[in-house]
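1. My questions are about this predicted structure, shown below with the sequence.
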Amino acid sequence: MTLQQLRYIIQIAQTGSFHTAAQTFFITQPSLSKAVAELEKEMGILIFHRTNRGVTLSEEGTKFLSYARQVMEQAELLEQQYKQNTPVRRVFAISAQHYAFVVNAFVTLIQEYGQAQYEFSLRESRTFDIIEDVRTRRSELGILYMSHFNREVIKRILRENNLRFVSLFTAQPHVFVSSKNPLVKKEWVTLEDLADYPRLTYEQGINNSFYFSEELHSVEFSPKSIVVSDRATLFNLLIGIDGYTISSGILSKDLNGTDIVSIPLKSEETMDIGYVYDEGSQLSPLGERYITLLREYVASYYTI
């Protein structure tokens, strides 16, 4: 097994194509296929399923890929420290649902780190993809919520993938609306109050399921419904068409300004928001610090 073979595996997994990966490394596809086949033979496993539509990781391949990424990251750190004689570049990645407090804590982490070189990633993503990122160790942490409605399904998926959920805090549901929306005059709102307004939700892709929805009460019928893929679009629509979305109630004026306001939603549901990590590995110092910053930010928000 060589580092170059591991580079090949990672690139094929990312592109889903032997042809595209071969172009990246400026080698022929038969040469790449041979290198992968030799590695599979040496390890005694099938890493990729090959089909006419591309390649996908086998179950054993998914596990192998997570170790391959760890090896490559460590190899890069060694090269930076000893071969290139440059400061070590720290790598840290998070995948999360669309929460402002996740970004706030991430900003503080980067400011604290203060080094000349690093590679941090923050992916606001779909629920299924967040779990997949942590499972394959593309991300060290995943931030998502559980509720009475989705808890058993999410817990089963996490358990099957050797992942653990740790609660950070429990949030009462709120709606985000434009500061000009007539609903801002209310102390709290009900689902009936929202019926005349467009409901905005985050799309969940091919793995769409009510259990993966980022919003509470996703099974409730809404006559006006719009699905978006990113937070900026959702906030623009909240303002532009007087829409609403259901979330934790935590807003960041530093990041989002004052055009969006939060109103309590009368509901028996709650959002248990926490982080997901791989039980088979310890959190890095950066991961531990990020969790501390998350807790501090949320605590400060609720004491304002």
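-> Here it is on my side, so go on.
2. Now the most centrally placed residue in the chain: which helix or strand?
-> Centroid check for the chain by CA atoms, centre = their mean gives residue 95 as the closest residue, at 2.3 Å. Here residue 95 sits within strand 90-96, counting by DSSP states H and E.
3. packing partners for the following helix or strand past that strand?
-> The element immediately downstream of strand 90-96 (helix or strand, assigned by DSSP H and E) is helix 100-113. Applying 3 or more CB pairs under 8 Å, 6 or more residues apart in numbering; DSSP states H and E, one finds that helix 100-113 contacts strand 90-96, strand 118-124, helix 253-256, helix 285-303. (Glycine included, C-beta is placed from N, CA and C.)
4. Please identify the most buried of these.
-> Mean neighbours per residue, mean count of other CB atoms under 10 Å, is largest over the helices and strands packed on helix 100-113 for strand 90-96, with a mean of 21.
5. give the contact list for the residue nearest to residue 277 when sequence neighbours are not counted.
-> Leaving out its chain neighbours, the residue that sits closest to residue 277 by CB to CB, 6 or more residues apart in numbering is residue 141, at 5.7 Å. Residues counted as contacts of residue 141 (CB atoms under 8 Å, 6 or more residues apart in numbering) are 94, 95, 134, 275, 276, 277, 283, 287, 290, 291.
6. So which of those is the closest to residue 43?
-> Taking CB to CB as the measure, residue 43 sits nearest to residue 134 out of the contacts of residue 141, at 23.5 Å.
7. ok, the closest one - contacts?
-> Contacts for residue 134 were tallied using CB under 8 Å, 6+ apart; they are 95, 140, 141, 142, 163, 276, 277, 278.
8. for residue 301, same thing?
-> 101, 250.
9. Repeat that for residue 168.
-> By CB under 8 Å, 6+ apart, residue 168 lies in contact with 273, 274, 275, 291, 294, 295, 298.
10. Quick check: it is in a strand.
-> Yes - according to DSSP: H, G, I helix; E, B strand; the rest coil, residue 168 belongs to a strand.
11. returning to that earlier point: okay, who's weakest in the contacts of residue 141 by pLDDT?
-> Least confident of the contacts of residue 141 in the model: residue 283, at 89.
12. Could you dump the contacts of residue 141 into TSV with distance to residue 260 added?
-> Converted to TSV, the contacts of residue 141 look like this (distance: CB to CB, whole Å):
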residue	distance to residue 260
94	23
95	24
134	29
275	25
276	27
277	31
283	32
287	30
290	25
291	26
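13. Tell me the one among these nearest to residue 159.
-> residue 276 (11.4 Å).
14. how many neighbours does residue 59 have?
-> Each residue near residue 59 was counted by other CB atoms under 10 Å, and the total is 10.
15. can you tell me how far it sits from residue 129?
-> To residue 129, residue 59 is 18 Å away according to CB to CB, to the nearest Å.
16. Next, please give the residue ranges for the strands of the stretch 51-200 of the chain.
-> For the stretch 51-200 of the chain, applying DSSP state E, counting those that start in this stretch gives strands covering 54-57, 90-96, 118-124, 141-146, 163-171, 174-178, 199-202.
17. let me redo that: the stretch 201-304 of the chain
-> In the stretch 201-304 of the chain, the segments counted as strands under DSSP E, counting those that start in this stretch are 225-228, 245-247, 260-264, 271-278.
18. Using a markdown table, lay out those together with mean neighbour count and distance to residue 118.
-> Below are these laid out as a markdown table (neighbours: other CB atoms under 10 Å; distance: least, CB to CB, whole Å):
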| stretch | mean neighbour count | distance to residue 118 |
| --- | --- | --- |
| strand 225-228 | 14 | 30 |
| strand 245-247 | 25 | 30 |
| strand 260-264 | 17 | 31 |
| strand 271-278 | 21 | 20 |
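19. Any idea which of the ones you listed gets closest to residue 21?
-> Of all the strands of the stretch 201-304 of the chain, strand 271-278 sits nearest to residue 21, with 25.7 Å by CB to CB.
20. List the residues that contact residue 151.
-> By CB under 8 Å, 6+ apart, the residues touching residue 151 are residue 272.
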